[in-house]
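**Q** Got a sequence here, can you model it:
(chains A and B)
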Protein chains: 2
Amino acid sequence: MIRHISLFSIKPKPKPKPRNNNFFGVLDFKNSITKTTTLSFISSSSSANQNKPLFGVFSISSAAVNKVGAARHFITRSMSTPISSTSGVEQVLVDNGPLQAQLLTAVDDDHGGVIVDLKEPMNSHDFTSSLKASMLNWRQQGKKGVWIKLPIELVNLVEAAVKEGFWYHHAEPKYLMLVYWIPVTGNTVPANATHRVAIGAFVMNDKREVLVVQEKSGKFRGTGLWKFPTGVVDEGEDICKGAMREVKEETGIDTEFVEVLAFRQSHKSFFDKSDLFFVCMLRPLSFDIQKQELEIEAAEWMPIEVYAAQPFVQSHGLLKYIIDVGLAKVDKGYAGFSPVPTTSTFSNEKSFLYLNSQDLDK
Amino acid sequence: MIRHISLFSIKPKPKPKPRNNNFFGVLDFKNSITKTTTLSFISSSSSANQNKPLFGVFSISSAAVNKVGAARHFITRSMSTPISSTSGVEQVLVDNGPLQAQLLTAVDDDHGGVIVDLKEPMNSHDFTSSLKASMLNWRQQGKKGVWIKLPIELVNLVEAAVKEGFWYHHAEPKYLMLVYWIPVTGNTVPANATHRVAIGAFVMNDKREVLVVQEKSGKFRGTGLWKFPTGVVDEGEDICKGAMREVKEETGIDTEFVEVLAFRQSHKSFFDKSDLFFVCMLRPLSFDIQKQELEIEAAEWMPIEVYAAQPFVQSHGLLKYIIDVGLAKVDKGYAGFSPVPTTSTFSNEKSFLYLNSQDLDK
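**A** Residues are numbered from 1 along each chain as shown, chains lettered A, B, ... in the order given. Next up, the predicted model:
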């Protein structure tokens, strides 16, 4: 479950589990069937099968469920050696009736855990049964983190998952991700995202005019304030590409990314989350403005002195700094950070390292 | 609801509401009381009261509830002018019985919306009634975004909120934040956090030895690989302070922050979230290593040539870059970004702007 945030192999800090950690503590089976059975799997636990989705039928007797706490401790104690049979659970199985529960379909993650990506509607009772059975299965397999992704349409299952000891990891408008850590120690569930990333674009033409906009909504709507184009970087988008996209969307101007001139980190931007705001210099490749109708009231090329003379800009330390670094770049060879594509041995994805190429190449 | 991510006043992109947007679509009132009543508030809607928590009793007849869809449209159409009476709702009130529902306690946010921070246990039926009544109230007041923060102990209310049209905004282990946007257009609910922020520390003493560690867990456990200290920046923590904290925690060494030498953005680090990894140079202020027992197997000052000669470092483009920029800083005056404290007119919080002070002061 160690998530490699970098080539340095960063360890998330071990986190205490939330108090509401009552896995196996809530037992709400309503049906009792008296047919005798023993534990059986349709799915195989062979290593060859470990990257395949699991789907099987897992039979637990109601007595077994009530004693699963004991089974859990047994399995936990024997976790240091691979478990190759179902004996850990069979220890507490007694023959007073099975409850049929389908195992949840899961795929292995890259860190010894499993991911359940539920899509089909399910009632919470069946879900609880399947989750209990699946958890026994995963414990037996020595799995670590268990992730359950619930689309908002399956909100009826959230309470059931939490009752089984899961807690929230992150959420987006259309889904909630819950997580559980099976081993007793060494919780390395990765930290959640803490920052939004946004850009502001310093774009100047050969006449020392900067590209500025007036916005149709927001704090400065109707104030007549001219601003540099800005925007939030999309999920999964590179900062340099996000900057070019925002300028294109707001003004129609094509640009080439030059450098990150500076960045600012600010906190509590929304609730407890923070922002990282990157001031980017871009070189214009086209000059005819086509402003976006939805968000932009006006857009133009404006002499930088006119932009800088606006009272709001004058009264604002950070905005003045941005003019200073932009002009230092244009006039004095100020070196920002430029993007260098790199690859990691941990993945084949290209990612950008931003550094002072000017000084490094000296 | 425009969230000012920066001094540029960034507008989050308008987002379509999720399909499950059935506010007023689910009507599940089970009680029917026949006493005649009309709409009444204990809480005042005067502007003097707008920053105070609201708590009142809101009476709606079951017939009114069934016709609230019509009332909603009435209110929506008249939203362009301030609503000073309850006439928008009274249009559809008929006298066949009230349902008592306590309004939810809420505080105004800074963007025309309200925040409900529920803490006390509540059953989902009462919650639904209160939420319906409160939503009518907030619509009438012209509120925009409605935030509901539900601690994980109140997971029983999540489904009810979603049935009323709320969707997920973000989640942390102990709570889930839901949101609803009342106006028909102009949804400016802020984007969720997309990035984790981490640091790696380049710390060199006068003998050209770098501070390195071996970790007790993670990918490199037991491999003998020596790494620079690394860590995830805490929620609300400045990058420069996070770097000093991590070095202190892992090695006991006190440091002074010098510069961000470079940073890397990488995607899909966990699910769809990204990482920003800042390579930081710190100047050591103490030299006796006290390694942390929990996470660190070994820590020492190591000649940089010995560190760099490790096969893993040699085979790794990014790690080689980091050595290059670190040595360029030490030997050739490479300029990174140093933190400059700034304040914003939007808040009194100090935040750090990181820029190339060396070039700016030329």
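
**Q** near chain B, which residues of the stretch 51-200 of chain A?
**A** For the stretch 51-200 of chain A, the contact set with chain B under C-beta under 8 Å from any C-beta of the partner chain comprises A:152-153, A:155-156, A:158-159, A:162-163, A:167-177, A:186, A:188, A:190-198, A:200. C-beta here means a position set from N, CA and C on the backbone, and glycine is covered the same way.

**Q** go again using 6 Å as the cut-off
**A** Proximity of the stretch 51-200 of chain A to chain B (C-beta under 6 Å from any C-beta of the partner chain) is limited to residues A:152, A:155-156, A:158-159, A:162, A:167-168, A:170-171, A:173-174, A:176, A:190-191, A:193-198, A:200.

**Q** Tell me which of those fall in strands.
**A** Counting by DSSP state E, these place A:Trp167, A:Tyr168, A:His170, A:Ala171, A:Leu176, A:His195, A:Arg196, A:Val197, A:Ala198, A:Gly200 in strands.

**Q** how about TSV for those, with distance to A:Ser129 and neighbour count added?
**A** Formatted as TSV, these follow (distance: C-beta to C-beta, whole Å; neighbours: other C-beta atoms under 10 Å in any protein chain shown):
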residue	distance to A:Ser129	neighbour count
A:Trp167	21	24
A:Tyr168	22	27
A:His170	27	24
A:Ala171	25	23
A:Leu176	21	24
A:His195	40	23
A:Arg196	40	24
A:Val197	42	26
A:Ala198	45	26
A:Gly200	53	28
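
**Q** Tell me the first helix or strand C-terminal of the helix or strand containing A:Val212.
**A** If you go by DSSP states H and E, A:Val212 is part of strand A:209-215. Using DSSP H and E, the next helix or strand after strand A:209-215 towards the C-terminus is strand A:230-232.

**Q** Excluding residues flanking it in the chain, which one is nearest A:Leu225?
**A** Distances taken as C-beta to C-beta, 6 or more residues apart in numbering or on different chains place A:Phe312 nearest to A:Leu225, at 5.6 Å, with adjacent residues excluded.

**Q** What count of nearby residues applies to the one you found?
**A** Other residues near A:Phe312 number 15, with proximity taken as other C-beta atoms under 10 Å in any protein chain shown.

**Q** pretty sure it is in a strand, no?
**A** No. Membership of A:Phe312 in a strand is not supported by DSSP: H, G, I helix; E, B strand; the rest coil, which gives helix.

**Q** Against A:Gly333, how distant is it?
**A** To A:Gly333, A:Phe312 is 29 Å away according to C-beta to C-beta, to the nearest Å.

**Q** and what of A:Gly252?
**A** A:Gly252 is 30 Å from A:Gly333, by C-beta to C-beta.

**Q** what about these two, which has more around it?
**A** A:Gly252 (16 against 10).

**Q** got the contact list for that one?
**A** A:Ile289, A:Gln290 (C-beta atoms under 6 Å, 6 or more residues apart in numbering or on different chains).

**Q** Looks to me like A:Gln358 is in a strand.
**A** No. A:Gln358 is assigned helix when assessed by three-state DSSP, not a strand.

**Q** Surely it touches A:Ala335?
**A** Yes. Counting by C-beta atoms under 6 Å, A:Ala335 is a contact partner of A:Gln358 at 4.0 Å.

**Q** Which per-residue confidence value corresponds to A:Ser44?
**A** We have a pLDDT of 31 for A:Ser44.

**Q** in chain A, which spans are helices?
**A** A:62-66, A:68-77, A:87-90, A:124-140, A:158-163, A:239-251, A:304-308, A:311-314, A:317-332, A:357-360 (DSSP state H).

**Q** contacting residues around the fifth one?
**A** When you say that, I think you mean helix A:158-163. A:Val26, A:Ser124, A:Phe127, A:Thr128, A:Ile148, A:Leu178, B:Val155, B:Asn156, B:Val158.

**Q** In PyMOL, select just the buried ones from those residues.
**A** Entered in PyMOL, the line below selects the buried ones among these, by 16 or more other C-beta atoms under 10 Å in any protein chain shown:
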select buried, (chain A and resi 124+127+128+148+178) or (chain B and resi 155+156+158)
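
**Q** Show me which of the contacts of helix A:158-163 is closest to B:Met281.
**A** Nearest to B:Met281 among the contacts of helix A:158-163, counting by C-beta to C-beta, is A:Leu178 at 39.6 Å.

**Q** May I have the residues that are in contact with the closest one?
**A** Counting by C-beta under 6 Å, 6+ apart, A:Leu178 touches A:Ile148, A:Ala161, A:Phe166.

**Q** Would you agree the last one is in contact with A:Trp181?
**A** Right, A:Phe166. No. Shown here, A:Phe166 and A:Trp181 do not form a contact pair, counting by C-beta under 6 Å, at 9.8 Å.

**Q** Neighbour count for the two, which is higher?
**A** With neighbours defined as other C-beta under 10 Å, A:Phe166 and A:Trp181 compare such that A:Phe166 has more, 27 against 23.

**Q** That one: what's it in contact with?
**A** When contacts are counted by C-beta under 6 Å, 6+ apart, A:Phe166 touches A:Leu178, A:Tyr180.

**Q** what does the one 4 residues further on give?
**A** Contacts were defined as C-beta under 6 Å, 6+ apart; by that measure A:His170 touches A:Met177, A:Asn192, B:Ala171.

**Q** Among those, name the least confidently predicted one.
**A** Where pLDDT dips furthest among these: A:Asn192, at 89.

**Q** Okay then, goodbye and thanks.
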